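K.L.:
here you go, sequence then predicted model.
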Amino acid sequence: MLAAGAVLAACGGFVLYGVLDPGEDDEKPADRTPTAAVTYEVTGEGTADITYQARSASGEAVIVKAATLPWRKTVDVPLGQDPTVSIVLGEKGGQARCTLALRGKHVQSATATGTFGRATCTGALPGQADATQG
């Protein structure tokens, strides 16, 4: 009878522990915006100012000043946003080429030449509704 009481007390303790400390498994995950992998690449020699979009639902850009070339970055971009990478050469000019790949597939490339030369590569990601249907 004493053993049965001890087992019952132990079971009650485990139940009480579960009520007071539900653990991490019971927490709901935070809402996350679906994304797709985007690879930006800038080839050439010297440096360039590079602007690109990363994981930001508001579409804010990341700016890298005087990046040493070649330069490459893979980031997650929210579905429905248009991933973009832009390059601006400095006063010494030269030549640089930007490329954009969505989910590992080449989408666009462009070349900047000369003093303060500019180039932009843009792609299109499907919206959230399009991604869940296909």
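P.N.:
Done, it's in.
K.L.:
can you pull the contacts of the residue nearest to residue 122 when sequence neighbours are not counted?
P.N.:
Among residues not flanking residue 122 along the chain, residue 84 sits closest, at 4.6 Å (Cβ to Cβ, 6 or more residues apart in numbering). To be clear about C-beta, it is placed using only N, CA and C from the backbone, and glycine gets the same treatment. By Cβ atoms under 8 Å, 6 or more residues apart in numbering, residue 84 lies in contact with 51, 52, 53, 61, 100, 120, 121, 122, 123.
K.L.:
could I get the residues you listed as TSV with pLDDT, distance to residue 74 and neighbour count?
P.N.:
Shown next, in TSV, are the contacts of residue 84 (pLDDT from 0 to 100; distance: Cβ to Cβ, whole Å; neighbours: other Cβ atoms under 10 Å):
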residue	pLDDT	distance to residue 74	neighbour count
51	97	16	16
52	95	11	23
53	90	13	21
61	89	16	13
100	96	11	22
120	97	19	15
121	97	14	22
122	95	17	15
123	94	14	20
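K.L.:
so which elements touch the helix or strand that contains residue 76?
P.N.:
Taking DSSP states H and E as the definition, one finds residue 76 inside strand 71-78. Applying 3 or more Cβ pairs under 8 Å, 6 or more residues apart in numbering; DSSP states H and E, one finds that strand 71-78 contacts strand 35-44, strand 47-53.
K.L.:
next helix or strand past that strand?
P.N.:
Downstream of strand 71-78 (by DSSP H and E), the next one is strand 84-89.
K.L.:
for that following strand, which positions count as buried?
P.N.:
Buried residues in strand 84-89, counting neighbours by 16 or more other Cβ atoms under 10 Å, are found at 84, 85, 86, 87, 88, 89.
K.L.:
next one: stretch 100-112
P.N.:
100, 101, 102, 107, 108, 110, 112.
K.L.:
can I get those residues in TSV including secondary structure and distance to residue 69?
P.N.:
Below are the buried residues of stretch 100-112 laid out as TSV (DSSP: H, G, I helix; E, B strand; the rest coil; distance: Cβ to Cβ, whole Å):
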residue	secondary structure	distance to residue 69
100	strand	16
101	strand	17
102	strand	22
107	strand	20
108	strand	18
110	strand	15
112	strand	11
